[in-house]
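Trainee: One predicted model, sequence on top.
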Amino acid sequence: MKSEVSIESIKKLEKRLRYISGTIKQNGRKILNNYPITSPQFIALQWLLEEGDLTIGELSNKISLAFSTTTDLVDRMEKNELVERTRDLKDRRVVRIHLLEKGKVIIHEVIEKRQVYLGEVLEKFTEEQTSSLNELLDFLHEQMKMVDEK
């Protein structure tokens with residue numbers, strides 16, 4: 001089914017999403033200023049929290065950084081006791097990155113502060129509007145994944 005969305009609507013939506021994304025990133029950086037991690041480290045820690053232990057290659061793909069850059073990132077996080085390298089139990093040749101308690105605490109605190117910010121933004125929304133927004137964003141995300149898989 002081909003969409004009948006006008007080019008003007010698409011332009012307006014792209015601009016709004018770009019502005020929203022920029023605002024979220026700016027606010028996220030402000031929150032991270034109070035923590036001993038960088039934005040790329042936050043993204044890496046988030047993936048480890050959600051996915052569990054990952055190899056450097058897997059993490060590199062998730063965060064869209066070069067393997068060598070991800071290795072440097074993990075080295076710094078390991079030095080700060082946020083993660084540790086562990087041998088895979090099934091295949092000792094495989095090294096996985098494991099999220100440590102200090103990393104978990106930081107991620108949970110940062111996410112909680114981001115949620116508080118979003119709660120303040122949504123104060124004037126009704127429950128129905130928030131629910132509709134969630135449904136539409138879920139649908140948008142699903143469609144993006146489908147297009148990306150082509």
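Mentor: Here it is on my side, so go on. This structure is a prediction, so every number in the text was calculated from the model and none was measured.
Trainee: In three-state terms, how would the residue nearest the centre of the chain be classified?
Mentor: In the chain, the residue lying closest to the centroid (Cα atoms, centre = their mean) is Ile43, at 4.9 Å. At Ile43 the chain is in helix, as set by DSSP: H, G, I helix; E, B strand; the rest coil.
Trainee: where do the strands sit along this structure?
Mentor: 83-87, 95-99 (DSSP state E).
Trainee: pLDDT of the lengthiest helix in the chain, averaged?
Mentor: The residue-count maximum for a helix in the chain (DSSP state H) belongs to helix 7-32. The pLDDT scores in helix 7-32 average 94.
Trainee: Just give me how far that helix sits from the chain centre.
Mentor: 15 Å (Cα atoms, centre = their mean, to the nearest Å).
Trainee: which residues are contacting stretch 78-96?
Mentor: Contact with stretch 78-96 is made by 36-37, 41, 45, 48, 53-56, 74, 77, 97-100, 102-103, 106, as judged by Cβ atoms under 8 Å, 6 or more residues apart in numbering. Just so you know, the C-beta spots here come from the backbone N, C-alpha and C atoms, and that holds for glycine as well.
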